[in-house]
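Undergrad: Return a 3D structure for these sequence lines:
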Amino acid sequence: MKKINVILITGFLLLSGLVINPAYGKDSISAPNEKNIFYVGGNGTGNYTHIQDAIDDASPGDIVFVYSGVYNENLFFSNDKSVELIGEDVNSTFINGTESDNVVSIYADRVKINGFTLTNSRQYNNGIYINSNNNVISGNFIFNNDNGIEIYSSKNTIIYNNFIAYNNAWGIYLWPDADNIKIIGNTISDNEGPGVQTSSGSNNIFMKNNIVSNNNNHGICIGGTSNSSGHNILQNTINHNNGVGLFMSLVTNSNFYGNTVSDNLYYGIAIFESNNIKLSFNDVSYNSMSGMIIMKLTNSKISNNEFSCNEDGIIIERSQGNVISENEIACNAVYGIKSTSNSTNNLIYHNNIVNNTINGFDAGKNSWDNGYPSGGNYWSDYQGEDNNGDGIGDTPYIISSNSKSLTKSNSDNYPFMSYNGWEKKLLKTLR
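TA: Numbers count the residues shown, from 1 in each chain. Alright, predicted model coming up:
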């Protein structure tokens, strides 16, 4: 087994342009710029018994390879231990924290950890605690800790392809000022707290292709008590969480694209006190409350999403200057779109608003069309006619409101006669 692993690891590192000097015991010596491999467990002569001893003897850039087994340790990477730690097999290489501390504490930059099951931190501690930069955590199973991973004031760290589950609080927790963190391809499920939470000014968080499900709180929480910006939350599956699927607060200049947000206990998406958000091509369906609620959101664009089969499609509260267009808002139990009295100057047009109990409600002062000939929305219950054949109804669609009088602010003056009517009108114009 050891010969095969040495060949595989050596071959990979040589292809990467690295020089390998296998190190079997504590007396190994390497030339400048060479990498040692320290072995823990297994049957090799001089192999280490304890992982921490190998880390302590390693130099920056060295590799510690750990054979399958159960290691009752709490690992500590001091600030000069930029080491790569590799487990033989994630299913059989266990680091048991014995409920005495963080299972792994990282204070060195450029640490890599791959191929371990990390479990049994002390209460209020973590499977992995990171207080350093440029680290890579990949291919691990992190369970039954207080938090799965805590990232504290770290920059440029990558968390990918891990299974982070059954922890007693957060799956992943980032604070304060943890910037440029990439969270990619992980399964984050069945944690007692939120699956992922950022707070206190963490900026430029990139999340893609994660499954965030069955957490006993919110799925993903972006933002906190101070402003943050530059987030990209892309193509994640966020479902069956016992809170909001995707919650964001005090967020600016961020993009939420291509996520599936479904079957969450509260709102699918909740956005509070945020600005310049782009929310597009998300599928938000079957959430127990509204598909999306926006509160104090400004200057944002919500387009090409589907909000279907929720309690409400979209709820707009105390929000101004947003554009809501090209969305499918269908089959929601109460409202398709509802705007409260203190929401103003939002432009809502080119949406298909179909088969909701109440398709539209506006107690505020918003625009439900983009003028003629651009037009308004398609409403499944519109009863008007199109005598001139331009694809737009000749009479306004009346939006339900608290007002007893019909005004421009609670009517779509140019409703389309057919589903995606604006596209047909554009094609006709181009011909």
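Undergrad: Ser228: neighbour count?
TA: Other residues near Ser228 number 28, with proximity taken as other C-beta atoms under 10 Å. Where you see a C-beta, it was placed from the backbone N, CA and C, and this is true even at glycine.
Undergrad: What strand or helix carries it?
TA: Assigned by DSSP states H and E, Ser228 belongs to strand 220-229.
Undergrad: Next secondary structure after that strand?
TA: strand 232-234.
Undergrad: partners of the following helix or strand past that following strand in the sheet?
TA: For strand 232-234, the following helix or strand on the C-terminal side (DSSP H and E) is strand 237-239. Sheet pairing here is set by DSSP bridges, and for strand 237-239 it gives strand 211-213 (parallel), strand 260-262 (parallel).
Undergrad: Average pLDDT for strand 237-239, rounded please.
TA: For strand 237-239, mean pLDDT is 98.
Undergrad: May I see the buried residues of the following helix or strand past that strand?
TA: Toward the C-terminus, strand 237-239 is succeeded by strand 246-257 as the next helix or strand (DSSP H and E). Neighbour-count burial for strand 246-257 flags 246-252, 254-257 (criterion: 16 or more other C-beta atoms under 10 Å).
Undergrad: Sketch out the low-pLDDT regions of this protein for me.
TA: For the chain, the stretches with pLDDT under 70 are 1-33, 402-409, 425-431.
Undergrad: in the stretch 1-150 of the chain, which spans are helices?
TA: 2-15, 51-57 (DSSP state H, counting those that start in this stretch).
Undergrad: Columns mean neighbour count on top of the strands paired with strand 237-239, output as CSV?
TA: Listed next are the strands paired with strand 237-239 as CSV, based on neighbours: other C-beta atoms under 10 Å:
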stretch, mean neighbour count
strand 211-213, 23
strand 260-262, 23
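Undergrad: mind giving me CSV with those and columns for distance to Asn413?
TA: Below are these laid out as CSV (distance: least, C-beta to C-beta, whole Å):
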stretch, distance to Asn413
strand 211-213, 41
strand 260-262, 32
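Undergrad: who wins for proximity to Pro194 among those?
TA: Closest approach to Pro194 among these (C-beta to C-beta): strand 211-213, 8.8 Å.
Undergrad: show me the contacts for Lys182.
TA: 157-160, 206-208 (C-beta atoms under 8 Å, 6 or more residues apart in numbering).
Undergrad: now swap in Asn413 and tell me
TA: Residues counted as contacts of Asn413 (C-beta under 8 Å, 6+ apart) are 368-369, 372, 376, 396.
Undergrad: Could I have the buried ones of those residues as ChimeraX selection syntax?
TA: Buried members of these, identified by 16+ other C-beta under 10 Å, are gathered into one ChimeraX selection as follows:
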select :368,369,376,396
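Undergrad: Determine which two of the contacts of Asn413 are furthest apart.
TA: Maximum pairwise distance in the contacts of Asn413, criterion C-beta to C-beta, is 13.2 Å, between Trp368 and Tyr372.
Undergrad: my read: Leu75 touches Tyr107, true?
TA: No. Contact criterion C-beta atoms under 8 Å: Leu75 and Tyr107 do not qualify, at 11.3 Å.
Undergrad: Which one of the two is surrounded by more residues?
TA: Taking neighbours as other C-beta under 10 Å, Leu75 and Tyr107 compare with Leu75 leading, 24 against 15.
Undergrad: how much space between the more buried one and His50?
TA: 10 Å (C-beta to C-beta, to the nearest Å).
Undergrad: Are there residues contacting both of those two? Which ones?
TA: By C-beta under 8 Å, 6+ apart, Leu75 and His50 have no common neighbours.
Undergrad: can you confirm Trp422 is in a helix?
TA: Yes. Per DSSP: H, G, I helix; E, B strand; the rest coil, Trp422 lies within a helix segment.
Undergrad: since we're on it, how many residues are nearby?
TA: Neighbour count for Trp422, taken as other C-beta under 10 Å: 25.
Undergrad: residues touching it, list them.
TA: Per C-beta under 8 Å, 6+ apart, neighbours of Trp422: 350, 374-375, 416.
Undergrad: Gly375 versus that one, what's the distance?
TA: Taking C-beta to C-beta, one finds Trp422 at 6 Å from Gly375.
Undergrad: Give me the common contacts of these two.
TA: With C-beta under 8 Å, 6+ apart as the test, Trp422 and Gly375 both reach 350, 416.
Undergrad: Residues contacting stretch 89-106, please?
TA: Outside stretch 89-106, the residues that reach it (C-beta under 8 Å, 6+ apart) are 51, 66-77, 87, 113, 115-123, 125-132, 135, 139-141, 145.
Undergrad: Write the PyMOL selection for whichever of these are buried.
TA: With 16+ other C-beta under 10 Å as the criterion, this PyMOL line picks the buried residues out of these:
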select buried, resi 51+66+67+68+69+71+73+74+75+76+77+87+113+115+116+117+118+119+120+121+122+125+126+127+128+129+130+132+135+139+140+141+145
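Undergrad: Now, the contacts of stretch 89-106 that are in strands?
TA: Counting by DSSP state E, these place 66, 69-72, 75-77, 87, 113, 117-119, 126-130, 141 in strands.
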